[in-house]
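Asks: the following block contains a protein sequence and its predicted model.
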Amino acid sequence: MMKIIFLGSSFSIMWYIRHHKVVRRSYDKDQDTFRHYLLMIPCMILALFEHEKFTFKEVMWTFSSYLEAVAILPQLVLLQRTRNIDNLNGQYVFLLG
């Protein structure tokens with residue numbers, strides 16, 4: 001049940017970021033230059049070596065757990081670069097942490 005609530009809230013946040021007219025205006029593509037593969041590749045390699053069983057489902061579950069632990073880094077880098085922290089962004093990063 002918790003995973004369903006987590007996925008539902010994540011999808012609703014992504015919808016707001018892409019489609020809500022007020023939230024969409026706050027995104028600055030020029031400032032968002034974090035290389036996401038620098039997080040994804042090490043998490044995948046770690047998941048391939050550190051897992052309970054070597055099955056596709058278990059490796060993907062482990063990968064998602066590791067990636068979830070470092071997913072806040074792109075947001076923190078962007079907020080540090082722009083120095084423009086409004087209420088919505090600050091609460092989102094706080095709750096993500």
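Replies: Perfect, I can see it now.

Asks: burial of residue 57, as a residue count?
Replies: Residues near residue 57, counting by other CB atoms under 10 Å, number 8. In this view, the C-beta of every residue, glycine as well, is placed from N, C-alpha and C.

Asks: no, scratch that, I was asking about residue 66
Replies: Around residue 66 there are 19 other residues, counting by other CB under 10 Å.

Asks: now name the helix or strand holding residue 33.
Replies: Using DSSP states H and E, residue 33 sits in no helix or strand.

Asks: please, where are all the helices along the chain?
Replies: For the chain, the helices defined by DSSP state H cover 2-19, 21-25, 37-49, 56-70, 72-82, 87-96.

Asks: so which of the ones you listed comes closest to residue 31?
Replies: Closest approach to residue 31 among the helices of the chain (CB to CB): helix 72-82, 5.2 Å.

Asks: low-confidence ranges in this structure?
Replies: Along the chain, the parts satisfying pLDDT under 70 run over 84-86, 89, 97.

Asks: enumerate every residue touching the residue nearest the centre of it.
Replies: Centroid-nearest residue in the chain, with CA atoms, centre = their mean: residue 71, separated by 3.8 Å. Going by CB atoms under 8 Å, 6 or more residues apart in numbering, residue 71 touches 39, 96.

Asks: let's have the helices of the chain in TSV, adding distance to residue 31.
Replies: Formatted as TSV, these follow (distance: least, CB to CB, whole Å):
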stretch	distance to residue 31
helix 2-19	15
helix 21-25	14
helix 37-49	17
helix 56-70	20
helix 72-82	5
helix 87-96	12
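
Asks: hmm, back to that, and the gap between the residue nearest to the centre of the chain and residue 34?
Replies: As judged by CB to CB, to the nearest Å, residue 71 and residue 34 stand 11 Å apart.
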